[in-house]
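Chemist: How does the following fold in three dimensions:
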Amino acid sequence: MKNRFMASALALIATTAFAADLPPAEAEVRRVNAAGQEVTLKHGEIKNLEMPPMTMVFKVKDVSQLAPLKAGDKVRFTADRINGAYTVLTIERLP
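Modeler: Below is the predicted model of the structure:
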């Protein structure tokens, strides 16, 4: 149990450090699917993915980040392609 907790903590630290190197993008939350570990975002350009503005579904690395979000919220996030899936690494509500 301890080893699993440590591995999870180390993975979260590594993901956070990696995400800090990515350029943030801004978006509007369209839908939150915590059970499916997904969020639908209407986002601006995502520079590191060379992706133009659009609306799409992203996987979420840490589902706990979805708890405070609801449709209509403005957010800042980082994303990358992980194992072939576009994945949100960090996400925060904007005031």
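Chemist: ok, which stretches of this structure are strands?
Modeler: In the chain, the segments counted as strands under DSSP state E are 25-33, 38-43, 54-60, 74-82, 85-93.
Chemist: Quickly compare those strands and say which is most buried.
Modeler: Of the strands of the chain, the one with the most neighbours on average (mean count of other CB atoms under 10 Å) is strand 38-43, at a mean of 20. No exception for glycine: its C-beta is placed from N, CA and C like everyone else's.
Chemist: so where's the chain shaky on pLDDT?
Modeler: For the chain, applying pLDDT under 70 flags the ranges 1-20.
Chemist: same thing but at 50, please
Modeler: Counting by pLDDT under 50, the chain contains low-confidence ranges at 7-18.
Chemist: Could you find the closest non-adjacent residue to residue 30?
Modeler: Excluding its sequence neighbours, the residue lying closest to residue 30 (CB to CB, 6 or more residues apart in numbering) is residue 40, at 4.1 Å.
Chemist: contacts for stretch 24-33?
Modeler: With CB atoms under 8 Å, 6 or more residues apart in numbering as the test, stretch 24-33 has contacts from 39-47, 55, 57, 66, 69-79, 94.
Chemist: Show me what residue 78 bridges to in the sheet.
Modeler: Under the criterion DSSP bridges, residue 78 forms beta bridges with residue 90.
Chemist: Surely it is in contact with residue 23?
Modeler: Yes - between residue 78 and residue 23 there is a contact under CB atoms under 8 Å: 7.5 Å.
Chemist: And the residue nearest to residue 30, how close does it get to residue 54?
Modeler: Using CB to CB, to the nearest Å, residue 40 is found at 11 Å from residue 54.
Chemist: And for residue 83?
Modeler: Residue 83 is 21 Å from residue 54, by CB to CB.
Chemist: Good, wrapping up.
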